[in-house]
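**Student:** Need a 3D model of the sequence below.
(4 chains)
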There are 2 protein chains.
Amino acid sequence: MPIPKLAASPAVLGRDELVDSLARISFVTMGVLTRVAAEHELSLTQLRVLAILRDRQMSMGDLAAYLGLDRSTISGLVGRAEERGLLRRAPNPLDGRGTYVTLTQDGVEQCAHGANEVAESLAPMTNALTPAETRRLTTLLEHMLNPR
Amino acid sequence: MPIPKLAASPAVLGRDELVDSLARISFVTMGVLTRVAAEHELSLTQLRVLAILRDRQMSMGDLAAYLGLDRSTISGLVGRAEERGLLRRAPNPLDGRGTYVTLTQDGVEQCAHGANEVAESLAPMTNALTPAETRRLTTLLEHMLNPR
DNA sequence: TATTGTTATACTCTATAACTATA
DNA sequence: TATAGTTATAGAGTATAACAATA
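**Tutor:** Numbering: from 1, shown residues only, chains lettered A, B, ... in the order given. Purely as a prediction, here's the structure:
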């Protein structure tokens, strides 16, 4: 499945070409994430919710801020996931208004399976690199993700 | 806005860490694309449709295959974009069943503006790299996108 | 008064199924 | 019969507005 270019054809490899490559690789990656999620009957956003909760507990409001979504949207997402037994809500004992969301055991397992499937689905792409290239690419991506 | 990890903490930079970095950079990039699209009152999918049509003409069915969506979904997307004057439908003179979709002048301009805004929004990230790093990263990403 | 969360409402995206028109 | 596209329908994601409960 070819990915559309956002920029013109590359004469030199400058910032525009990087943005173009980033956009294309992102569509591929998000496509894989969306497909894996769908195979677990999850939306991409629900997958993100589960991934976020994998190593922490969060309030509804924190989840909303984290994902850049309205709290009312989180209510729906969490409600549907809770009905399916992937996570549960618990009251915040320190604040009667607050609610904490945590993964259930089933949710934890689905996360683990999903992560494996994502890695396998991306393997045709990631295997195109040598171990040295893999390290270099990861370092460069992390450099962008954590600019200083 | 921090991005959730899908993999465990990195001891070495192997394939799992690359997948994790890819997922996180993709969420950032897609977030930017979604926000820029929203500022033009477009969905991410509509932005993709416009980007695809930027340098080619396509039938409804081709668009569906390209985006991995059902043709009925494309009918709705194209219909709404057509109402807004961003693209137009024209019959295929060689096949009475076929329909070609092309950008209008307005659609072309929105695409150009959008591409600039995306590049600007990603600048805080892409500017973290030196020109040499930018070239290396782009080359590595393209290597993955076009495996041999 | 301000904050946390939910509910009601409306719109878009999406797929499935049924349909029309053309090949 | 098969293919291109549309329409009707239904479910999920999303935001806005109004609301209840708590601080």
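
**Student:** do you know how far residue A:106 is from DNA strand D?
**Tutor:** For residue A:106, the distance to DNA strand D under the criterion C-beta to the nearest atom of the strand, to the nearest Å works out to 17 Å. No exception for glycine: its C-beta is placed from N, CA and C like everyone else's.

**Student:** Contacts (any at all) between chain B and the helix or strand that residue falls within?
**Tutor:** Element membership of residue A:106 [criterion: DSSP states H and E] is helix A:105-126. Yes: Helix A:105-126 comes into contact with chain B (C-beta under 8 Å from any C-beta of the partner chain), by way of A:115, A:118, A:119, A:122, A:123, A:124, A:125, A:126.

**Student:** neighbouring contacts of that helix?
**Tutor:** Around helix A:105-126, the neighbours that count as contacts under C-beta atoms under 8 Å, 6 or more residues apart in numbering or on different chains are A:28-29, A:32-33, A:35-37, A:39-40, A:42, A:47, A:50-51, A:53-54, A:81, A:85-87, A:103, A:134, B:6-7, B:15-16, B:18-19, B:22-23, B:144-145, B:147.

**Student:** Kindly report the same for stretch A:28-36.
**Tutor:** A:1, A:3, A:44, A:47, A:114, A:117-118, A:121-122, A:125, B:22-23, B:26, B:30, B:68, B:145.

**Student:** Kindly recompute the last result at 6 Å.
**Tutor:** Contacts of stretch A:28-36 from elsewhere in the structure, counted by C-beta atoms under 6 Å, 6 or more residues apart in numbering or on different chains, are A:44, A:114, A:117, A:118, A:121, A:122, B:22, B:26, B:30.

**Student:** swap in stretch A:74-91?
**Tutor:** The set of residues that contact stretch A:74-91 without belonging to it, under C-beta under 6 Å, 6+ apart, is A:46, A:49, A:60, A:63, A:64, A:99, A:100, A:101, A:103, A:104, A:106, A:107.

**Student:** Now the buried members of these.
**Tutor:** For the contacts of stretch A:74-91, a neighbour count by 16 or more other C-beta atoms under 10 Å in any protein chain shown gives the buried set as A:46, A:49, A:60, A:63, A:64, A:99, A:101, A:103, A:104, A:107.

**Student:** State the pair within the residues you listed that is farthest apart.
**Tutor:** When C-beta to C-beta is used, the two most widely separated members of these are A:64 and A:104, lying 20.8 Å apart.

**Student:** Greatest separation within the contacts of stretch A:28-36: which pair is it?
**Tutor:** A:117 and B:30 (19.4 Å).
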